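**Q** Below are the sequence and a predicted model for it; my questions follow.
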Amino acid sequence: MLNKLLLNRSQIKKYLVLTLIVLITIVGYKYLYKEHRIIENEIPRYSLTAQQIYSEFNNDFEISQNKYGDKIIEVSGLVSEINETDITIDNKVFCQFTKQIINREQMNNSRIIVKGRLIGYDDLLEQVKLDQCLIN
């Protein structure tokens, strides 16, 4: 009877392998599918003018990308172009919003501060790109 209660080595190995597979699957899922960031709750790490951030990317792209990439920043300047869901500041910074922008007519050529996540620099258009933006 005691022999029936005890697991043999092959059964123990099967349970250990199964447990290891389940743990790897859970950890892998958590790593790949992280929780979405809520930008409006995050504090900006940097606050710059559109000209400053543009100049930094033009001077040294790699250092700027490492410094600002995927970080929440605030950018200030004059609105040079405005559409339903995006704003361009000083023709240097493109800001993509998740919602439609209200009162667009009043904002054209006005000073603005935008908070968003820096996603990169567009070489073709020579613009710094932000997404998930909010107007401060």
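**A** Nice, I can see it.
**Q** Run a quick check on I39 versus R117, I expect a contact.
**A** Yes - using CB atoms under 8 Å, I39 is in contact with R117, at 6.0 Å. C-beta: built from backbone N, CA, C; applies to glycine.
**Q** who touches both of these two?
**A** I72, Q132 (CB atoms under 8 Å, 6 or more residues apart in numbering).
**Q** Compare the two (neighbour count), which wins?
**A** Legend: neighbour count by other CB atoms under 10 Å for I39 and R117, higher for R117 (20 against 17).
**Q** what pLDDT does that one get?
**A** With respect to pLDDT, R117 has a value of 95.
**Q** Return the set of buried residues in the host helix or strand of it.
**A** Here R117 sits within strand 111-122, counting by DSSP states H and E. Neighbour counts using 16 or more other CB atoms under 10 Å place I112, V114, K115, G116, R117, L118, I119, G120, Y121 of strand 111-122 among the buried residues.
**Q** Contacts only, for the residue nearest to the last one when sequence neighbours are not counted.
**A** The reference is to Y121. Excluding the flanking residues, the one nearest Y121 by CB to CB, 6 or more residues apart in numbering is F57, at 4.6 Å. By CB under 8 Å, 6+ apart, the contact list for F57 reads S64, Q65, Y121, V128.
**Q** Of these - the most surrounded one?
**A** Of the contacts of F57, with other CB under 10 Å as the count, V128 tops at 26 neighbours.
**Q** Show me the beta-bridge partners of that residue.
**A** Taking DSSP bridges as the rule, V128 bridges to V93, Y121.
**Q** residue contacts, it?
**A** A50, I53, Y54, F57, V75, K92, V93, F94, L118, G120, Y121, D122.
**Q** In CSV, list these along with distance to I21.
**A** Below are these laid out as CSV (distance: CB to CB, whole Å):
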residue, distance to I21
A50, 50
I53, 46
Y54, 49
F57, 44
V75, 46
K92, 50
V93, 46
F94, 44
L118, 38
G120, 37
Y121, 42
D122, 43
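**Q** wait, which of those residues is closest to G69?
**A** L118 (6.0 Å; CB to CB).
**Q** quick one: contacts for K71?
**A** Contacts of K71 (CB under 8 Å, 6+ apart): R45, Y46, R117, L118.
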